[in-house]
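>>> pasted the sequence and its predicted model underneath.
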Amino acid sequence: MHTQLEELVAKAQESIAACRTPNDILDARAAYLGKKSVLNGLYARLRELAPEERPAFGQLINQARTKIEGLIAAKDKEIKNAVRAQQVQQELDPGMPGWMSPFGSLHPVTIVRKKIEAVFMSMGFEVAQGPEIEDEYHNFDALNTPQDHPSRNLADTFYLQNGKLLRTQTSTVQIRVMEKYKPPIKIISPGRCYRNDKPDPSHSPVFQQVESLWVDKGISMSDLKDTLQNFATAMFGPDVKSRIRPHFFPFTEPSAEMDISCVSCAGEGCRVCKQSGWLEMGGAGMVDPAVLSMVGIDPEIYSGFAFGLGIERIAMLKYNIGDMRILFENDVRMLRQFRGESL
Ligand code: PHE
């Protein structure tokens, strides 16, 4: 029986080593450890032995059983690992797109504002900031605006308490900068402005302007025209033309309105430019000597130009958006188009 046991273990070892699948393992377990197995039969045959031989032989059978169980368990693990590795191989497709987690983007108005800042900084302008809650002095008085000027109207301006208001234009920052610094001054100032306008395709009660101010000895209208053309080229490409037309603002003299050739039809005339071939960009002019005097800059020595551009308008032209309200509704379908947009 001794040799029979040894042969049995050797045979089991051999067939367990030959197992390839989980089913092979089940078969091997049944064959060598199951009820009908040779090993199990040996327990019954213990009775054939002399009583004093039984414990020692019983122990031998148990040892053989433990050995076979160990072999099967080890092989079982090996096969399961191999099967899993194979599954991973089949499931893993490195070409498959990953899980996309939604990520945010800058708002088109922010993208355009940053582009504008970059263009002016490349021309040597610094970026200045001013408060959105202003006083009448900086929004109107210091800008040479007469008491009866329509822009001061309650119907046009949001007044707060204690003579404060929401600034209606970034021209306030001209005053704040000139109060604090002496020429040469060469700044732009982008930011929000507020006017009591009903929202429509080209108006919003909240909008952004970028103010530009360059004060130094000998600054003239040609510097203004140059700066405007450089900006238009950097923003809309080399084919865009610019022009200024006479206009009026209380704080500039002479005053002008700035146009660029239509970026949609290249000046042919279309729906975007209302057949005129030109697009209004904002107001401009030479800083009025009265304004310079008000902030303590001698207009006999210094001169300067200023202009103000509407940022939403530029964003609408750049991204072909026909209605300003789209920029404020923040429909994700609109915002998604700006994912990954570089500045
Ligand atoms: N502040 C003016 C406006 O909002 C624009 C402007 C700025 C005009 C600077 C002249 C000089 O309409």
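Right, received. Where do you want to start?
>>> for residue 260, what are phi and psi?
With angles defined as degrees, to the nearest 10, residue 260 sits at phi -120, psi 160.
>>> residues of the stretch 101-250 of the chain that sit close to the ligand?
The stretch 101-250 of the chain comes close to the ligand at residues 169, 171, 249, as judged by CB under 6 Å from any ligand atom. Every residue, glycine included, has its C-beta placed from N, CA and C.
>>> ok, now how distant is the most centrally placed residue in the chain from residue 133?
For the chain, residue 105 is the residue whose C-alpha lies nearest the centre (CA atoms, centre = their mean; 2.3 Å). Distance, residue 105 to residue 133, by CB to CB, to the nearest Å: 29 Å.
>>> try residue 213
According to CB to CB, residue 213 and residue 133 sit 21 Å apart.
>>> okay, those two: which has more neighbours?
Neighbour count, other CB atoms under 10 Å: between residue 213 and residue 133, residue 213 has more, with 25 against 11.
>>> would you mark the buried spots in stretch 142-150?
Neighbour-count burial for stretch 142-150, counted by 16 or more other CB atoms under 10 Å, picks out 142, 143, 144, 145.
>>> show me the contacts for the last one.
Listed by CB atoms under 8 Å, 6 or more residues apart in numbering, the contact set of residue 145 reads 151, 152, 250, 251.
>>> identify the farthest-apart pair in those residues.
In the contacts of residue 145, two members sit farther apart than any others by CB to CB. They are 152 and 251, at 13.5 Å.
>>> which of those two has more residues huddled nearby?
residue 251 (22 against 18).
>>> any idea how far residue 39 is from the more buried one?
Distance from residue 251 to residue 39, by CB to CB: 106 Å.
>>> near the residue of the stretch 101-250 of the chain found nearest the ligand, how many other residues are there?
Proximity of the stretch 101-250 of the chain to the ligand (CB to the nearest ligand atom) peaks at residue 169, 3.6 Å away. Close neighbours of residue 169, defined as other CB under 10 Å, add up to 22.
>>> check the secondary structure at the nearest residue in space to it that is not next to it in sequence for me.
Spatial nearest neighbour of residue 169, chain neighbours left out: residue 193 (5.6 Å); criterion: CB to CB, 6 or more residues apart in numbering. Applying DSSP: H, G, I helix; E, B strand; the rest coil to residue 193 yields a three-state assignment of strand.
>>> pLDDT score for residue 193?
pLDDT recorded at residue 193 is 98.
>>> show me where the protein has strands.
Listed in chain order, the strands of the chain (DSSP state E) span 126-127, 133-135, 164-166, 185-194, 206-216, 242-249, 252-261, 278-287, 303-310.
>>> please name the strands paired to the shortest one in the sheet, noting orientation.
What that stands for is strand 126-127. strand 185-194 (parallel) (DSSP bridges).
>>> check contacts around residue 144.
So residue 144 contacts 250, 251, 288, 290, 291, 294 (CB under 8 Å, 6+ apart).
>>> output the lowest mean pLDDT helix or strand found in this protein.
helix 38-45 (a mean of 85; mean pLDDT, DSSP states H and E).
>>> which residues touch it?
Contacts of helix 38-45 (CB under 8 Å, 6+ apart): 1, 4, 5, 8, 32, 33, 34, 58, 61, 64, 65, 68.
>>> for the third one, what are its contacts?
Residue 5 sits next to 42, 60, 61, 64 when contact means CB under 8 Å, 6+ apart.
>>> what pLDDT does the residue lying closest to the second one once chain neighbours are set aside get?
Leaving out its chain neighbours, the residue that sits closest to residue 60 by CB to CB, 6+ apart is residue 5, at 5.9 Å. Note on residue 5: pLDDT of 84.
>>> equivalent analysis for the one 3 residues further on, please.
Note on residue 8: pLDDT of 88.
>>> surely residue 295 and residue 142 touch.
Yes - in this structure, residue 295 is within contact of residue 142 by CB atoms under 8 Å, at 7.0 Å.
>>> how much space between the residue nearest to the centre of the chain and residue 317?
Counting by CB to CB, the separation of residue 105 from residue 317 is 20 Å.
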